[in-house]
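S.K.: what follows is a predicted protein model with its sequence.
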Amino acid sequence: MATLQVTVNGSDRSISDIDPNTPLLWALRDHLGMVGTKFGCGKGLCGACTVHMNGVAIRSCSTPVSAAVGQSITTIEGLAEGNSDLHPLQEAWMEEDVPQCGYCQAGQLMNAAALLKSNPKPSDADIDNAMAGNLCRCGTYTRIRKAIHSAAAKGGAA
Amino acid sequence: MNKDLYDYELIPDVDMPAEFVARENARSAAAAEETDASIPRRRFLKLTGIAGGGLALAFAIGRSQRVHGAHHGGGHAPFAPNSFIQIKPDGSIVLAAKNPEVGQGVKTFLPMILAEELEAPWESVMIEQSDIDRDRFGIQSAGGSQSTPRNWNLLREAGAVARTMLVTAAAQSWGVDASKCKADQGFVVNESTGAKLSYGELATAAAKLPVPDAKSVTLKERSEFKLLGKFVAGVDNRDLVTGQPLFGIDQNLPGMRYAVYVKCPSFGGAVKRANLEELKGLPGVVDAFILKGNSVDGQLMPGVAILARSTYEAFQAEKALQVSWDKGPASSESWIDFKEQARELTSKPGPVTESQGDMDAAISGADKTVDAFYTYPFLSHSNLEPQNCTAWYRDGKMQLWAPSQTPQAIAGMLANLLDIEQDDVEITQLRIGGGFGRRLINDFVCEAAAIAKRVDYPVKLMWNREADMAHDFYRVGGFHNLKGTLDSKGKLTGFQDRTIVFTQPSNPKRPVRGGNVRAANVQCPEIPNVRIETHQIPLQVPCGWWRAPGSCALGWVFQSFIHEMAVAADRDHLEFLLEQFGEPRWMKEGDARAFNTERAINVTKLAAEKGDWGKRMKKGQGRGLSFYFSHLGYFAEVAEVTVDDSNRVTVDRVVVAADVGMLLNPAGGENQVEGSVVDGLSTLAGQEISFEEGAVRQSNFDDYPLLRMPSTPKIEMHWMTTDHSPTGLGEPAFPPLAAAVTNAIHDATGKRIRTMPISKEGFQVV
């Protein structure tokens, strides 16, 4: 058991009495009470647990919390940066009514946000490639594509 | 023509979970009314006065009436003419969302019906997820695509009663006749003077009025609808995209511990012994014990509960668990054996369960006969949110935060299981991370409650993905040895299905859930000679309702075989399919649940037209057509595919034509159709649950793949607007999809696929 320091959404958080092998996912959900990041498969197969580490999309179910020490973690709760209320992708998701059950959408959004950071104007093929690791059991893929394009058109990388 | 074969009321198992309906129907005559798509107008009862001179009333449903909104009493009582609507003097309007939200959009579109008739501006209403209370809200469930047909009239009337009372209150204050006043988006307008009063200003006066009989109020004409039919995004969208705690898995209580519950990999096996003491010494583990369970299908199986301070520590402890299992009766079952047995059985005549005309004569007099053997596997629901439930037992009361599709079934079940009073069970309904029929069964709720009853702190039961896949209630697999006969003119004269019906271990006469096969499922009322022969095999592996139960598999089998017959007759598939529907008519006049061939014909023609039926395609490309009627919805679909030399299939486009009466909310409704198409492709591409010695072999999304974004086709939807009452969309777009695709693959390659998933026949969806 250890006490670890992690930076989450810009805040320095201390997690005490935790096994350093605990996946970041459960550290966020159980120890920090941040439940926006979801558990789907536990093996990095579905992408529901996607968060950013230093701006790069990672699967938090397969990343030990010890690997996040000293790194900057962003979760769905902190996706909207700076003064804005919502990230352009979040706005696009609402406008296009992307969610069905909505369970996978935090992971989809985090993955899409990382995509737009590296590729502000992605093509359909770029989106398909980047999003192929994120499952949606309800089948909202068509609307996810549309919402990413829509956010990109409005400068969604910001 | 024997109409009984096509009387859909006779096959509720296909249309909706029969056991659930039967139980609900038994509860009261009022409940029985509600299962009918043509709901009779319902009486509203005036109940009691509340503080501040307001009135609160409830629908005449259920055993006793309680008053919603009474706790909002005091000097400023809300206008609460029924359980679904509250208007406060400050003008705020609160509408109840009564049913579990599983992604079908019900939390948005049911309140839309209320708002439409109430003439309330959607932007300003507040939606509250309601309590679970049959007395106030009637049936609360998410299954069988029933939320729309069951609640359409109920909620329209609820809204119209409230609107009528507000208009009356305004008319009285102006001293004019109510006919001179009109409700308009949160106001009542005096049409003579142009004066306006807001609903908030009228609330107190309206609350003092007698509530009119629902029969006496005027519902809006469809042409007057301002909200229904518009694209209205989900009411939870903002919370969803910002990661707010909406789901069962998100519940967090003070002092809560995390539980796993480990059952025998072979269904129903009992625990002989387990290394409980060793587990209790592991990091973070606070308790471990064995539950014997009641071994009732769908309730509590034997298992080992492990409780820990965190999910991770509970999962780690599970890895250290060592159990000696007493394997149950399912341990003798394997999918490979069933396949061999089914082949053998269906090669011989079986007991005739339905017959019409003379099938033997059709065979002996046929110009051509076609034989084909179709098979499809068991499927898992694979909700992305694994099964979970949070429970807290204290002071003799059980509090549950349960992502259940049938929350009203829980209290009675737990009363028996745990020896507690039904009234001591309190359920909070939560947003559900995918339903698909899995959570119509409350086994995970039983587990959480049974564990919570043993300890003195709140418990969150968490299944991992492997447990979720290993302990599902599966879509049953199936086998169909089909024979079709053609006359010299290429007309379909006979249809025979020698099939397997798996039966329940507790009742060998009853098919497993979703496992019945009926002539009506063929949906070709013009075939003169029909014979269904069913061999029965008892099955221990648990089966459940899976999106469009029955139809989800039979739609593929029968719509594919009809195409085979059209090919054998050397006739155009569209023309051949339309011929099977015959004249436009209702198979049971006036019964909205019965098959209506006019609607079938119209959607089939529309799909063909929009899907460029008959237009030439390039080499390697193909187009396929399919139709199915399920859950009161009429769907025809055209798929276009490209197949390369290595049998790699690209689904280029899927065109969907639908008649569900009226599309209430294109936002949620079209989402359901797109999702059904993707789900259909997922299952046909590569999904199979197989089992050996009664234990499921698949464990996660690596060996049970879901379709991913790159394989998603272009999806086009065309909606017919008809005068029929609107019906649900969670299911009916699913059944036609697979046959449209496999028929298209045949069109492209000449190869007929008769085994699901198509990967079994060497095809790969890319």
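M.R.: Good, I have the coordinates. Numbers count the residues shown, from 1 in each chain, chains lettered A, B, ... in the order given.

S.K.: mind giving me the domain split of the chain?
M.R.: Just going to use chain A. By the assignment in automatic domain parsing, chain A contains the domains A:2-77, A:88-153.

S.K.: please refer instead to chain B.
M.R.: B:37-240, B:248-329+B:387-462, B:335-379+B:474-765.

S.K.: send me stretch A:68-87 as CSV with only the CA atoms.
M.R.: This file holds the C-alpha atoms of stretch A:68-87, laid out as CSV (Å, rounded to 0.1, in the frame of the first residue of the first chain):
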residue,chain,number,x,y,z
ALA,A,68,0.2,8.2,-13.6
VAL,A,69,2.3,9.6,-10.8
GLY,A,70,3.8,12.9,-11.8
GLN,A,71,1.7,12.9,-15.1
SER,A,72,-1.2,15.1,-16.0
ILE,A,73,-4.4,13.1,-16.2
THR,A,74,-7.6,14.5,-17.9
THR,A,75,-10.9,12.8,-17.4
ILE,A,76,-14.3,13.5,-18.9
GLU,A,77,-15.1,15.7,-15.9
GLY,A,78,-12.2,18.0,-16.9
LEU,A,79,-12.5,17.8,-20.7
ALA,A,80,-13.9,21.3,-21.0
GLU,A,81,-10.8,23.5,-20.6
GLY,A,82,-10.2,27.0,-19.4
ASN,A,83,-13.3,29.2,-19.3
SER,A,84,-15.5,27.3,-21.6
ASP,A,85,-18.4,25.4,-20.2
LEU,A,86,-18.2,22.6,-22.6
HIS,A,87,-15.7,21.2,-25.1
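
S.K.: so which of the domains of chain A gets nearest residue B:696?
M.R.: Smallest distance to residue B:696 across the domains of chain A (CB to CB): 15.8 Å, for domain A:2-77. Placement of C-beta: from N, CA and C, glycine included.

S.K.: now the closest one: mean pLDDT?
M.R.: What domain A:2-77 shows for mean pLDDT is 97.

S.K.: that domain spans what distance, first to last residue?
M.R.: In domain A:2-77, first residue to last residue: 25 Å (CA to CA, to the nearest Å).

S.K.: looking at the domains of chain A, which is buried most?
M.R.: Of all the domains of chain A, domain A:88-153 has the most neighbours on average by mean count of other CB atoms under 10 Å in any protein chain shown, namely a mean of 23.

S.K.: between the two ends of that domain, how far is it?
M.R.: For domain A:88-153, the end-to-end distance is 10 Å (CA to CA).

S.K.: wait, does it make contact with chain B?
M.R.: Yes: Domain A:88-153 lies within reach of chain B by CB under 8 Å from any CB of the partner chain, at A:90, A:93-106, A:109, A:127-129, A:131-145.

S.K.: of all of chain A, which residue lies closest to chain B?
M.R.: Per CB to the nearest CB, residue A:36 is where chain A lies closest to chain B, at 2.1 Å.

S.K.: pull up the gap between the closest residue to that residue other than its chain neighbours and residue A:35, please.
M.R.: Closest residue to residue A:36 apart from its sequence neighbours, by CB to CB, 6 or more residues apart in numbering or on different chains: residue B:243 at 2.1 Å. For residue B:243, the distance to residue A:35 (CB to CB, to the nearest Å) stands at 7 Å.

S.K.: and for residue B:622?
M.R.: From residue B:622 to residue A:35 the distance is 46 Å (CB to CB).

S.K.: what does residue B:135 give?
M.R.: In terms of CB to CB, residue B:135 sits 33 Å off from residue A:35.

S.K.: OK, contacts around the nearest residue to residue A:108 once chain neighbours are set aside?
M.R.: Excluding its sequence neighbours, the residue lying closest to residue A:108 (CB to CB, 6+ apart) is residue A:134, at 5.1 Å. Contact partners of residue A:134, counting by CB atoms under 8 Å, 6 or more residues apart in numbering or on different chains, are A:46, A:47, A:48, A:50, A:104, A:107, A:108, A:111, B:709.

S.K.: per-residue pLDDT, the last one?
M.R.: At residue B:709, the pLDDT value in this model is 98.

S.K.: what's it sitting at in phi/psi?
M.R.: Phi and psi for residue B:709, reported as degrees, to the nearest 10, are phi -50, psi -40.

S.K.: relative to residue B:706, how far out is the residue lying closest to it once chain neighbours are set aside?
M.R.: Leaving aside its sequence neighbours, residue B:709 sits nearest to residue A:141 (CB to CB, 6+ apart; 4.4 Å). Here residue A:141 is placed at a distance of 11 Å from residue B:706 (CB to CB).

S.K.: and what of residue B:402?
M.R.: According to CB to CB, residue B:402 stands 25 Å off from residue B:706.

S.K.: more crowded one of these two?
M.R.: residue B:402 (28 against 21; other CB atoms under 10 Å in any protein chain shown).

S.K.: who's the more buried one bridged to?
M.R.: Beta bridges link residue B:402 to residue B:429 when assigned by DSSP bridges.

S.K.: quick one, what contacts it?
M.R.: Residues in contact with residue B:402 (CB under 8 Å, 6+ apart) are B:248, B:389, B:390, B:410, B:427, B:428, B:429, B:430, B:442, B:445, B:448.

S.K.: rerun that using 6 Å as the cut-off
M.R.: By CB atoms under 6 Å, 6 or more residues apart in numbering or on different chains, the residues touching residue B:402 are B:389, B:427, B:445.

S.K.: with residue B:457 instead?
M.R.: Residue B:457 neighbours (CB under 6 Å, 6+ apart): B:255, B:257.

S.K.: where's it relative to residue B:449, distance?
M.R.: On the measure of CB to CB, residue B:457 and residue B:449 end up 14 Å apart.

S.K.: before we move on, what about residue B:752?
M.R.: 49 Å.

S.K.: pull the residues that contact stretch B:296-308.
M.R.: B:257-263, B:268, B:270-271, B:274, B:279, B:284-294, B:314, B:317, B:441, B:443, B:446, B:450-451.

S.K.: of the residues you listed, keep whichever come out buried.
M.R.: B:257-263, B:268, B:270-271, B:274, B:279, B:284-291, B:293, B:314, B:317, B:441, B:443, B:446, B:450-451 (16 or more other CB atoms under 10 Å in any protein chain shown).

S.K.: go back to the residues you listed and keep what's next to chain A.
M.R.: Checked against chain A using CB under 6 Å from any CB of the partner chain, those give no members in range.

S.K.: nearest residue to residue B:710 other than its sequence neighbours?
M.R.: Of all residues beyond its chain neighbours, the one nearest residue B:710 is residue A:128 (4.1 Å), with distances taken as CB to CB, 6+ apart.

S.K.: could you pull up phi and psi at that neighbour?
M.R.: The phi and psi values for residue A:128, taken as degrees, to the nearest 10, are phi -60, psi -50.

S.K.: show me where pLDDT drops low in chain B?
M.R.: Within chain B, the stretches with pLDDT under 70 are B:1-76.

S.K.: interface residues of it facing chain A?
M.R.: Within chain B, the positions adjacent to chain A are B:103, B:233-234, B:237, B:240-241, B:243, B:245, B:250, B:310-312, B:384-385, B:433-434, B:464-465, B:667, B:671, B:674-675, B:678-679, B:700-702, B:706, B:708-710, B:712, B:715 by CB under 6 Å from any CB.

S.K.: for chain A, what's its nearest residue on the stretch 601-750 of chain B.
M.R.: residue B:678 (2.8 Å).

S.K.: look up phi and psi at that residue.
M.R.: Torsion angles, degrees, to the nearest 10, at residue B:678: phi -60, psi -40.

S.K.: equivalent analysis for residue B:613, please.
M.R.: Residue B:613 adopts backbone torsions of phi -60, psi 130, taken as degrees, to the nearest 10.

S.K.: for the residue nearest to it when sequence neighbours are not counted, which three-state class applies?
M.R.: In space, and not counting its chain neighbours, residue B:613 is closest to residue B:574: 5.5 Å by CB to CB, 6+ apart. Counting by DSSP: H, G, I helix; E, B strand; the rest coil, the backbone at residue B:574 sits in helix.

S.K.: so what does the host helix or strand of residue A:148 touch, helix or strand wise?
M.R.: Following DSSP states H and E, one finds residue A:148 within helix A:141-153. For helix A:141-153, the elements it packs on are helix A:88-95, judged by 3 or more CB pairs under 6 Å, 6 or more residues apart in numbering or on different chains; DSSP states H and E.
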